[in-house]
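> Next input, structure requested:
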Amino acid sequence: MTVNTVGAVLRQQVAERADVPMLVCDDDRLTYAEAAIRSRAIARGLVGFGASRGTHVGILYPTGVEFVVMWLAITRIGAVAVPISTFSTADELRVLLTNNDIDVLITVGEHRGHDYVARLGEAVAADLARPGHLLLPSAPALRHVFVGDGASDRVHADHTVDALRVAGGAITDADFDAIEDDVAPADRMVIVSTSGSTSAPKGVIHQHGTLIRHVDNLNALRGLRAGVKLFSNSPLFWIGGLGYNAVGTLVAGSTLVCSTSLDAGVTLDLIERERPQLVNGFVQSIANLVTDPSFGERDFSSIRSGNLYPLLPDDIRPADPELRHNMLGMTETASVCLMSSDERDQPESRRGSFGTPVPELEARVVDPATLADCAVGEIGELWFRGPLLMEGYYGRERQDVFTRDEWFRTGDLFHVDEDGFFYFHGRRGDMIKTGGANVSPREVEAVMRDLTGGLLPIVFGLDDAERGQIVAAVLVAPAGATIDVAQLRADLKTKLSSYKVPRVIVVLAPDELPVLSSGKPDMTRLIERARGH
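Numbering: from 1, shown residues only. The predicted structure is shown next:
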């Protein structure tokens with residue numbers, strides 16, 4: 001990829017493939033030409049309201065065409081896109097707005113029963129029924145909110161996306177082109193918040209040039225190029241959906257296929273109709289598809305690669321997913337940082353491998369106590385270094401984020417084998433210490449997943465007066481499924497040392513699993529649930 005700002009890449013793709021869909025989301029389609037035209041109108045409106053290079057613009061939209069249009073509009077003028085999860089509570093929304101100094105927010109009015117106009121009122125006392133720009137003591141940077149739908153007596157015309165389009169009329173084509181041409185590769189493109197599962201969310205900064213180059217490298221590894229369709233259900237407001245999928249699609253000139261339908265049949269129809277060649281995401285994101293009665297009759301023969309194994313045709317689906325390379329992705333590394341382009345079954349010695357560092361990233365495994373490199377096979381903390389890492393965390397000094405020689409400490413525990421392949425053991429502090437022995441949650445999860453036919457296990461430690469901790473697990477199973485917990489525990493004892501077998505196993509249906517706004521399990525509530533079991 002020779003061009004390295006969002007606007008320049010978009011112009012190149014329009015010149016080469018104007019009528020090719022950039023995004024297909026259920027019944028909505030957005031070609032590259034339409035993406036350019038629609039985002040230009042919003043971008044001109046942002047300029048009309050005073051947005052410029054460096055302005056922080058929040059996007060509170062679900063995955064879909066409007067999200068992509070807004071992201072393109074923001075980044076084309078050198079403003080910084082700050083995606084916000086549609087799962088965010090009022091308290092979480094207030095933190096994201098204030099910690100990231102969001103100047104402008106573009107939001108959907110309502111989505112799946114969530115009323116964001118009311119939520120903004122609760123979060124920062126925003127009264128969108130009043131005209132004019134905002135002055136909010138609880139969010140002093142926020143001056144404008146534009147609502148994309150649901151305009152009513154609760155939303156004054158000044159606070160609608162239509163007002164943005166009207167304001168754009170005052171910006172000439174020549175002025176807009178000059179603004180877009182002035183955006184540089186070193187300018188900030190996005191601030192994506194970490195999950196906040198172990199601490200307050202941190203705003204991770206990525207620049208145009210580094211993020212585009214990173215996904216260009218990843219595209220080469222996974223074979224995403226012009227003419228290829230990628231199906232994924234990863235939300236666009238997280239780094240996997242935004243970086244790996246949306247930016248990756250734009251850079252490749254390919255087509256991203258996604259679905260937000262709650263009806264599994266609609267999503268399965270979409271996959272059959274669009275016939276993607278690649279699939280990517282988390283298996284649990286398609287759990288409802290696998291349990292649909294029509295799943296076994298569907299034609300997925302177009303799919304030739306990816307990690308959503310239930311969707312792969314029989315001739316390439318792994319018999320044992322743990323003998324295929326996993327991938328590691330982090331917000332700080334702009335999505336995937338460990339992977340392999342080899343999608344064949346691996347030898348038993350590589351069970352659980354996460355592959356090797358992607359191009360332009362160095363990785364090492366370090367003893368957290370001595371800061372010395374670990375020997376082959378020794379578990380330590382994974383560190384990364386390279387020019388395509390994040391710029392840093394918003395509002396934090398660089399020396400507080402990186403070591404003196406520019407290494408980023410991930411907090412993840414890994415070991416590396418003699419061939420340079422990496423293996424995950426959990427987060428620092430997640431290792432379970434029971435009766436003087438260490439237990440890796442990942443090891444137990446892998447065995448539970450194998451014994452239950454791929455169900456989602458979550459393994460963690462519970463405080464115990466006698467043993468320090470005991471091993472506990474939550475197993476997510478389809479509603480109505482019958483799980484014989486006693487038999488499962490007996491089966492686990494044939495695969496694991498007795499101290500590794502969970503003493504507490506709680507079975508939850510998918511809709512009973514408590515999650516954070518990031519979509520990750522809410523471990524505090526899971527631990528409380530297990531304690532009361």
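
> Packing partners of the lengthiest helix in the chain?
In the chain, assigned by DSSP state H, the helix with the most residues is helix 32-48. For helix 32-48, the packing partners by 3 or more Cβ pairs under 8 Å, 6 or more residues apart in numbering; DSSP states H and E come out as helix 6-17, strand 21-25, helix 65-76, helix 161-168, helix 173-181. All C-beta spots, glycine's among them, are computed from the backbone N, C-alpha and C.

> please redo it, this time with the cut-off set to 6 Å
Contacts defined by 3 or more Cβ pairs under 6 Å, 6 or more residues apart in numbering; DSSP states H and E place helix 32-48 against helix 6-17, helix 65-76, helix 161-168.

> Nearest to G253, out of the ones you listed?
helix 6-17 (5.0 Å; Cβ to Cβ).

> Let me see the ranges of the helices in the stretch 301-450 of the chain.
Taking DSSP state H, counting those that start in this stretch as the criterion, the stretch 301-450 of the chain carries its helices at 441-451.

> swap that for the stretch 101-250 of the chain, sorry
Assigned by DSSP H, counting those that start in this stretch, the stretch 101-250 of the chain shows helices spanning 116-124, 161-168, 173-181, 208-222, 239, 248-252.

> Okay, now the unreliable bits of the protein?
Within the chain, the ranges that satisfy pLDDT under 70 run 1, 150-151, 195-200, 429, 517-519.

> and the residue located most distally from the centre of it, which of the three is it?
Distance from the centre of the chain peaks at E466, with 39.4 Å (Cα atoms, centre = their mean). Secondary structure, DSSP: H, G, I helix; E, B strand; the rest coil: E466 is coil.

> which stretches of the stretch 51-200 of the chain form strands?
Taking DSSP state E, counting those that start in this stretch as the criterion, the stretch 51-200 of the chain carries its strands at 56-60, 80-83, 104-107, 110-111, 114-115, 144-147, 188-193.

> can you check the stretch 251-400 of the chain too?
Assigned by DSSP E, counting those that start in this stretch, the strands in the stretch 251-400 of the chain fall at 255-258, 278-280, 305-306, 328-330, 335-339, 356-357, 362-366, 380-385, 392-393.

> Out of the ones you listed, which gets nearest to R213?
Nearest of the strands of the stretch 251-400 of the chain to R213, taken as Cβ to Cβ: strand 335-339 at 12.8 Å.

> The closest one vs strand 362-366, what angle?
Here strand 335-339 points in a direction 70 degrees away from that of strand 362-366 (axes from the mean of the first three to the mean of the last three Cα atoms, to 10 degrees).

> strand partners of strand 335-339, parallel vs antiparallel please.
strand 328-330 (antiparallel), strand 356-357 (antiparallel) (DSSP bridges).

> and the strands of the stretch 51-200 of the chain as a markdown table, adding distance to Y309?
Listed next are those as a markdown table, based on distance: least, Cβ to Cβ, whole Å:
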| stretch | distance to Y309 |
| --- | --- |
| strand 56-60 | 31 |
| strand 80-83 | 28 |
| strand 104-107 | 36 |
| strand 110-111 | 30 |
| strand 114-115 | 32 |
| strand 144-147 | 40 |
| strand 188-193 | 27 |
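
> mind putting the ones you listed in TSV, distance to V20 and mean neighbour count included?
Shown next, in TSV, are the strands of the stretch 51-200 of the chain (distance: least, Cβ to Cβ, whole Å; neighbours: other Cβ atoms under 10 Å):
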stretch	distance to V20	mean neighbour count
strand 56-60	24	26
strand 80-83	23	26
strand 104-107	26	27
strand 110-111	28	16
strand 114-115	33	15
strand 144-147	29	25
strand 188-193	23	26
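
> Specify the stretch among those strands that is closest to V476.
Nearest to V476 among these is strand 114-115; the distance by Cβ to Cβ comes to 22.9 Å.

> before we move on, back to that, out of the helices and strands packed on helix 32-48, which gets nearest to G241?
Of all those, helix 65-76 sits nearest to G241, with 9.1 Å by Cβ to Cβ.

> and the closest one with strand 188-193, angle?
Orientation check (the same axes, to 10 degrees): helix 65-76 against strand 188-193 gives 130 degrees.

> the inter-axis angle of helix 65-76 versus helix 161-168?
Inter-element angle recorded for helix 65-76 and helix 161-168: 30 degrees (by the same axes, to 10 degrees).

> one step back: any idea which of the helices of the stretch 101-250 of the chain is most buried?
Ranked by mean neighbour count under mean count of other Cβ atoms under 10 Å, those are led by helix 239, which reaches a mean of 29.

> hmm, who's touching that helix?
V192, T331, S335 (Cβ atoms under 6 Å, 6 or more residues apart in numbering).

> Hmm, V204 and the first one touching each other?
Yes - the pair V192 / V204 is scored as a contact, 5.1 Å apart, by Cβ atoms under 6 Å.

> shared neighbours of those two, which are they?
Taking Cβ under 6 Å, 6+ apart as the contact rule, V192 and V204 both touch T331.

> what about the strands in the stretch 401-533 of the chain?
408-416, 422-427, 432-434, 437-439, 456-464, 468-476, 504-508.

> tell me how far the longest helix of the chain is from the chain's mean position?
Its chain's C-alpha centre and that of helix 32-48 lie 25 Å apart, by Cα atoms, centre = their mean, to the nearest Å.

> buried ones in it?
Neighbour-count burial for helix 32-48 flags 32-36, 38-40, 42-48 (criterion: 16 or more other Cβ atoms under 10 Å).

> Go through the residues you listed and say which is closest to E16.
Ranked by distance to E16 (Cβ to Cβ), the buried residues of helix 32-48 are led by Y32 at 8.4 Å.

> Pretty sure that closest one sits against A15.
No - counting by Cβ under 6 Å, Y32 stays clear of A15, with 9.2 Å between them.

> Next, count neighbours for the spatially closest residue to I179 that is not a sequence neighbour.
With sequence-adjacent residues excluded and distances taken as Cβ to Cβ, 6 or more residues apart in numbering, I179 is closest to I77, at 5.4 Å. For I77, the neighbour count with other Cβ atoms under 10 Å is 26.

> Look up how far Q284 lies from I77.
Shown here: I77 relative to Q284, a distance of 37 Å by Cβ to Cβ, to the nearest Å.

> ok so, going back, just the strands paired with strand 335-339: most buried one?
Highest mean neighbour count of those: strand 328-330, a mean of 21 (counted as mean count of other Cβ under 10 Å).

> Now do that strand: everything it contacts.
So strand 328-330 is contacted by G240, S335, V336, C337, L338, F354 (Cβ under 6 Å, 6+ apart).

> next one: stretch 483-491
With contact meaning Cβ under 6 Å, 6+ apart, stretch 483-491 is reached by L451, A477, I505, V507.

> In the sheet, which residues pair with the third one? Tell me.
When assigned by DSSP bridges, I505 has beta-bridge partners A473.
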